[in-house]
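>>> Below is the sequence, then the predicted model.
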There are 2 protein chains.
Amino acid sequence: MLTRERIVDAAVALVERHGETALSMRAVAAELNVAPMSLYNHVPNKAALLDGIAYRVMSGLELDYDPGVGWKTQARTLIRAFRRVAREYPACMNLIVTHSVELPFGIKPIERALAVTDTAGFDGPTSVRVMRAIIAYALGAQLRETDMVKILDYLPPDPAAAFAELDPVEFPHVTALAKELTAHDPESDFEFGLELFISAIDALPR
Amino acid sequence: MLTRERIVDAAVALVERHGETALSMRAVAAELNVAPMSLYNHVPNKAALLDGIAYRVMSGLELDYDPGVGWKTQARTLIRAFRRVAREYPACMNLIVTHSVELPFGIKPIERALAVTDTAGFDGPTSVRVMRAIIAYALGAQLRETDMVKILDYLPPDPAAAFAELDPVEFPHVTALAKELTAHDPESDFEFGLELFISAIDALPR
DNA sequence: GTCTGTGACGTACAACGTACGTAGAACGTA
DNA sequence: TACGTTCTACGTACGTTGTACGTCACAGAC
């Protein structure tokens, strides 16, 4: 029996195995040993299937928290929950982020984020702005990371050398930092920016 | 005479006028009153055309600066230059960001950014991390903004009311901040996050 | 005049999303 | 048991996409 759930599952698996370019109605149907048009009995169109993927993946967000801890810990927990989902479904997350699927985060995560900024002591308008800044960072970090991976794939065998061979007069910093620029530790990069953000929020006037 | 430059120009114009979904080789060819396959004499494939769009748009980045001013002003100038390009070519910028076109920023902007962090007094590895965090924020802000616009389009005539009608027990903050959440001033949102970032960087140990 | 590019073109194909009509199985009712 | 209704998987078909391939007109070199 074909169901919307099985279809979404198959789509998620397919995207994770073969990338977003492999996601077609025909491919999903083949994955389920079914005729392509059969999917349309359960999913109105491809966009809805994308929404289904987004919903399924984002449902994995772990929103529990300990009210006893400080807002910083709550904030870190929330953002790292996003990261965890991104690590679990990297290809799907990329798909969600780049196709700006409808309200990918739903209302609950927003409620949680606003609760955190409330705990931190901000008024309403400031809370909204802080939340937006954090969302921007989280989205952008995800995006930049997959970009980085793609770029490293294209680069020559020794990318650092390629950077280092640039004109050191025109690009003094890039050539000097060739090693740091091509080394890529997404997790520590993300954490660095996250702490940067949290300390900035901490310093904000109430 | 058909040239790669004219093709890229037409593609940029087409994307800005009718959105990225309207970008097809056939449409670009029609824009130039030319047969579709003629484009392939100057552009190897569609991906290369996307790269061309990215390069053309990003070339508009104003990288001049006044060495006499402090690093904060330099940083603001650099990031606002990115924003200016994004405002000038919103649809193309969105395309660039979401399709992670090859090295969209080139080397020069990276060199400039590293020069700024150098001026701010950071060592190499820290400079790279700070730059990456800022890029993540700039990308994410752009992404979030177009998402927001799209969501607002889909929402009912009075979106604030829709938010306000949620269960106030389950979503106390969202319902209380319905007005702030649906009001959208991209520029001030962006500036808020930008200042947040700069103050955080300022507070970083050297 | 012939030879050699170069670039615009036309044809053709595979893959895509999906509109539409059909057919068979499942099931409530008589 | 027989019949009508509903559901759902299917097959066919269309328009659109990117692009491989072959052709053909024209420009300049000899």
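Alright, I've got the coordinates. Residues are numbered from 1 along each chain as shown, chains lettered A, B, ... in the order given.
>>> show me where pLDDT drops low in chain A?
Low-confidence segments of chain A, defined by pLDDT under 70: A:102-105, A:154-157, A:159.
>>> longest helix of it?
As assigned by DSSP state H, the longest helix anywhere in chain A is helix A:124-154.
>>> any bit of that helix sitting next to chain B?
Yes - contact of helix A:124-154 with chain B is found when judged by C-beta under 8 Å from any C-beta of the partner chain, involving A:124-125, A:127-130, A:132-133, A:135-141, A:143-144, A:146-147, A:150-151, A:154. Where C-beta positions appear, they are placed from N, C-alpha and C, glycine not excepted.
>>> Also stretch A:80-94?
No - in terms of C-beta under 8 Å from any C-beta, no part of stretch A:80-94 sits within range of chain B; the closest distance is 8.8 Å.
>>> Endpoints of that stretch, how far apart?
Using C-alpha to C-alpha, to the nearest Å, the gap from the first to the last residue of stretch A:80-94 comes to 16 Å.
>>> Give me the contact list for it.
When contacts are taken as C-beta atoms under 8 Å, 6 or more residues apart in numbering or on different chains, the neighbours of stretch A:80-94 outside the stretch itself are A:12, A:15-16, A:19-20, A:53-54, A:57-58, A:60-63, A:109, A:138, A:142-143, A:146, A:190.
>>> hmm, try it at 7 Å
Stretch A:80-94 has contacts (C-beta atoms under 7 Å, 6 or more residues apart in numbering or on different chains) with A:12, A:15-16, A:19-20, A:53, A:57-58, A:60-63, A:138, A:142, A:146, A:190.
>>> Which of the residues of helix A:124-154 next to chain B are buried, as a PyMOL select command?
The buried residues among these can be selected in PyMOL (16 or more other C-beta atoms under 10 Å in any protein chain shown) with this line:
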select buried, chain A and resi 124+127+128+129+130+132+133+135+136+137+138+139+140+141+143+144+146+147+151
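>>> Which neighbouring elements make contact with the longest helix of chain A?
helix A:71-88, helix A:90-98, helix A:108-119, helix A:186-203, helix B:124-154, helix B:178-182, helix B:186-203 (3 or more C-beta pairs under 7 Å, 6 or more residues apart in numbering or on different chains; DSSP states H and E).
>>> Identify the residue nearest the geometric centre of chain A.
When C-alpha atoms, centre = their mean is applied to chain A, the residue found nearest the centroid is residue A:142 (4.4 Å).
>>> For the residue sitting furthest away from the middle of chain A, grab phi and psi.
Ranking residues of chain A by C-alpha distance from their mean position (C-alpha atoms, centre = their mean) puts residue A:169 at the top, at 37.1 Å. As for residue A:169, its main-chain torsions (degrees, to the nearest 10) stand at phi -80, psi -40.
>>> State the distance from residue A:19 to DNA strand C.
The spacing between residue A:19 and DNA strand C, counted by C-beta to the nearest atom of the strand, to the nearest Å, is 12 Å.
>>> Could you do residue A:148 as well?
With distances defined as C-beta to the nearest atom of the strand, the gap from residue A:148 to DNA strand C amounts to 27 Å.
>>> Fine by me, we can end here.
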